[in-house]
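Visitor: any chance you can model this:
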Amino acid sequence: MEEAVIPMDMNPNLPVTPLPIKKGPHTTMWVESPQYRLDDPGVGLRNNGRRVLTYADLKNYYPTAHWPKPTREIILHLTGNMERYMWSINGIPYEEADPLIFYYGERLRVTFINNTMMNHPMHLHGMWSDLETGDENHIPRKHTVIVQPGAKLSMRVMVDAPGRWVFHCHLLYHMGGMFREVTVVETQKA
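Guide: Model (predicted):
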């Protein structure tokens, strides 16, 4: 494998919106030092003698340098207990979770940290996901982003659709707990 690709952070002082985290028997794993692994094809595809495309290879056909930069970040830990098949975000299953609040018109960075040993294809309804790959001029637009086990992945969202939306893992058997309502509100509270 080549040198790891690490997304460029144009604003290292980006404010992170704190979200509640709950640890317990339903969160049996916690990654101490998650890494961006955009150039890793994943389990079963590494070193198999073939060239495998990765997220690091994705490029937007059109220039994206003029796209707005994020103004805030939220961090979502993908959590679960694989033996009991319990899934959650930040250790909180859907039925106990408050909605995520997005502000209409903002550019938001969502960073996932996968604390499980399974891939999680994360999908946000109503808005596009722009995958941070380190190339500010060709940020690829995605519909669903796959977060590998023990990895960290960041995407940007232009919050341009008011209302209530769904954010979830696209694996049906994970979706019951690894699911959030997103509420897009008009203005940020002072």
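
Visitor: for the protein, just list every one of the strands.
Guide: 35-36, 72-81, 86-89, 100-103, 107-114, 120-124, 129-131, 141-142, 144-147, 151-158, 163-169, 179-185 (DSSP state E).

Visitor: point out the most buried one among those strands.
Guide: Greatest average neighbour count among the strands of the chain goes to strand 86-89 (a mean of 25), per mean count of other C-beta atoms under 10 Å. (Glycine included, C-beta is placed from N, CA and C.)

Visitor: which strands or helices does that one pack on?
Guide: Packing partners of strand 86-89 (3 or more C-beta pairs under 8 Å, 6 or more residues apart in numbering; DSSP states H and E): strand 72-81, helix 172-175.

Visitor: can I get those in JSON lines with distance to Thr54 and mean pLDDT?
Guide: Putting the helices and strands packed on strand 86-89 into JSON lines (distance: least, C-beta to C-beta, whole Å; pLDDT from 0 to 100) gives the following:
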{"stretch": "strand 72-81", "distance to Thr54": "19", "mean pLDDT": "96"}
{"stretch": "helix 172-175", "distance to Thr54": "23", "mean pLDDT": "84"}
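
Visitor: save those as JSON lines, and put in distance to Ile101 too.
Guide: What follows is these, written out as JSON lines (distance: least, C-beta to C-beta, whole Å):
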{"stretch": "strand 72-81", "distance to Ile101": "9"}
{"stretch": "helix 172-175", "distance to Ile101": "21"}
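
Visitor: contacts for the helix or strand of the chain with the lowest mean pLDDT next, please.
Guide: Within the chain, no helix or strand scores below helix 172-175, which has a mean of 84 by mean pLDDT, DSSP states H and E. Outside helix 172-175, the residues within contact range by C-beta atoms under 8 Å, 6 or more residues apart in numbering are 80, 85, 87, 118, 120, 168-169.
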